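> Only the shape, not the letters, is given here:
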């Protein structure tokens, strides 16, 4: 049963029991209404307590039912809450740990609510492109006030129960108990106190207004509009809370429900729901049992104290893991430690970190110039120059000094992990951990599984990723893995567009209007144009027929590597990151175009977006065919969290489904006719062609 029914004295206790967060799925809703009816029919029962087993009161909707008929099947959550409100005996919600979404809406339907301290309370529906759909926008403003409620609904972030209890005039919680352990006993005592109280209080009967009336809501809209950008839900949240102040409760509920159902049909909701499920599915690898034992990772060593190594060290230190940092030269080591300290001091100045935390984290950091001093670390990761010869030398040393069972990780972004593993006598212990720069900030972690990587190594680093608050995606071994293998074709298309008539600013503007955090040329300037130059030099040897625009090489030959040199595709003023259009770059592109005998043509933003995005889709499909990615949603996670793909589009593969694979393939076939493009690349992946014929999505 997903709801446990017990009677303690004269109080019936209905305990939600649907691990892990007591989601309000159909079975739970049925069991809850059945339990309620049973308690009301029992003359010996004078009051009812609803609580939650395990680590939550309720986290709200059951994600396993997303998109299925069960999500709305009767009794739906609205019907359950109506039954709760109509109960003829006092009904007390005893909340603890997690009370979110539908769980909070259920509690708001109860006559009384008591809470344990530390309970995370939220209406997070906006993060799925929705608003609360079971009365949250109508009831929460009535119990904590319009402004606090609107902030919670628009932000979707959790607030602790004690903070809400401290709000002036709040009617959300009737009592804040001492601890989670005493919650049930205190709930039973409270139930006995109110057993004879009549009439039973209902949140729906409380008044709801703001002293500034509609003026406040216009102010709120102006503020939310700047934050909402591509998402309709935040502004709709403002409308729904305003409706609570303008209309009778029933009419406000009808407005909320209509708005909720309309938002469910938006592409933004579909994108956010896709990402929500994709993020939870990413760590699941088909051939790796969920109960695979983990190797203990209690200490970490980092080889290389540069930008990437220092960022990785900070990520581990933030998670409370002792870190030993190695560099070849004392000066480089001192610079690395100074940069780490400066990073923490900056957070202290901004109020994001307390001074004692700074010293606590730095106390976990030790340094060395000798490989032998790393021997007792549970995991070691290298962050040295992206050159196979350098990596080989590092892994031979690590193989020599590291204890048996230690995990040996490479931060390589493109190189063959199997070749690196072959430099050791323990290839089963070698794995790729591709952090994205800045490593302590970027959420994505590409976990590269070598041909011989042990399953317990894989599961251990996936658990470590969660500990250091990274979203991990597993990739097989190929040149560039998932992200960089795809971005190469994205950047190639950007180069071809320059040859055909675009400027860097036009391409960037089109992609940023589409929703990218930054266009391809601004991105290259930020990461360093010399990185791509090194890859193209390697390509020229390995694949001499591989086609690129020559403009990027001409740029690099002038030392214009981007922001770090003050000049790249754009010009930069010292101390600022503003990308200023460069007359020199424009002249360079014009001259190169003329040398090829090309006449520039007018290119639409639509063509720019389609060529760059569909290049990602086609290569992504080939990555799936090759078994490099386990599922298409993994590719979307990589591009959302690692490459600035617009969240409201759901990732390149989800966007392709939204556009329609038939339309995507038709566009690819058109691009293949362009003599200045790469016709071979634009042959649609076999997987795409098959899915189009079958009428399926990717």
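Yes, it's here. Only a predicted model underlies this, so the values are computations on that prediction, with no experimental measurement involved.
> What are the contacting residues of stretch 602-614?
With contacts defined as C-beta atoms under 8 Å, 6 or more residues apart in numbering, stretch 602-614 is touched by 490, 493-494, 496-497, 500-502, 506-507, 509-511, 513-514, 520, 652, 655-656, 664, 667-668, 671, 677. (Glycine included, C-beta is placed from N, CA and C.)
> same check, this time on stretch 513-526
230, 490-491, 494, 504-505, 507-512, 532, 552, 562-563, 568-570, 572, 579, 605, 609, 612-613, 643-649.
> Now do that stretch: distance to the chain's middle.
Relative to the centre of its chain, stretch 513-526 is centred 19 Å away, using C-alpha atoms, centre = their mean, to the nearest Å.
> Mind picking out the helix or strand in this structure with the poorest mean pLDDT?
helix 529-542 (a mean of 86; mean pLDDT, DSSP states H and E).
> can you pull the buried residues of it?
If you call a residue buried by 16 or more other C-beta atoms under 10 Å, then helix 529-542 has these buried ones: 529-533, 535-536, 539.
> Buried only: go through the contacts of stretch 602-614 for me.
490, 493-494, 496-497, 500-502, 506-507, 510-511, 514, 520, 652, 655-656, 664, 667-668, 671, 677.
> rewinding a little: now for the least confident helix or strand of the chain, which elements pack on it?
helix 551-557 (3 or more C-beta pairs under 8 Å, 6 or more residues apart in numbering; DSSP states H and E).
> All the strands of the stretch 351-500 of the chain, residue numbers only.
365-368, 379-382, 407-410, 430-435, 444-448, 471-475 (DSSP state E, counting those that start in this stretch).
> Would you agree residue 14 is in contact with residue 49?
Yes - the pair residue 14 / residue 49 is scored as a contact, 7.1 Å apart, by C-beta atoms under 8 Å.
> more neighbours, those two?
Neighbour comparison, residue 14 and residue 49: the larger count goes to residue 49, with 26 against 23 (by other C-beta atoms under 10 Å).
> Contact partners for residue 443?
Contacts of residue 443 (C-beta under 8 Å, 6+ apart): 469-471, 641.
> likewise residue 12?
By C-beta under 8 Å, 6+ apart, the neighbours of residue 12 are 5-6, 35, 38-39, 42, 45, 47-49.
> any idea which of those residues is the one closest to residue 545?
Among the contacts of residue 12, residue 35 lies closest to residue 545 (C-beta to C-beta), at 70.1 Å.
> For whatever helix or strand that closest one lives in, buried residues please.
Taking DSSP states H and E as the criterion, residue 35 maps to helix 26-41. By neighbour count on 16+ other C-beta under 10 Å, the buried set for helix 26-41 is 26-33, 35-36, 39-40.
> Can you give the domain ranges for this structure?
3-263, 300-475, 483-694 (automatic domain parsing).
> so which of those domains comes closest to residue 281?
So among the domains of the chain, domain 483-694 is nearest, using C-beta to C-beta, at 6.0 Å.
> Endpoints of that closest one, how far apart?
End-to-end distance of domain 483-694: 28 Å, with C-alpha to C-alpha, to the nearest Å as the criterion.
> And for stretch 14-33?
10 Å.
> buried stuff in stretch 111-124?
111-116, 119-124.
> Sorry, wrong one. I was asking about stretch 1-13.
Those would be 2-3, 5, 11-13, for stretch 1-13 by 16+ other C-beta under 10 Å.
> before we move on, what about stretch 278-295?
So stretch 278-295, judged by 16+ other C-beta under 10 Å, has buried residues 278-279, 282-283, 285, 288, 295.
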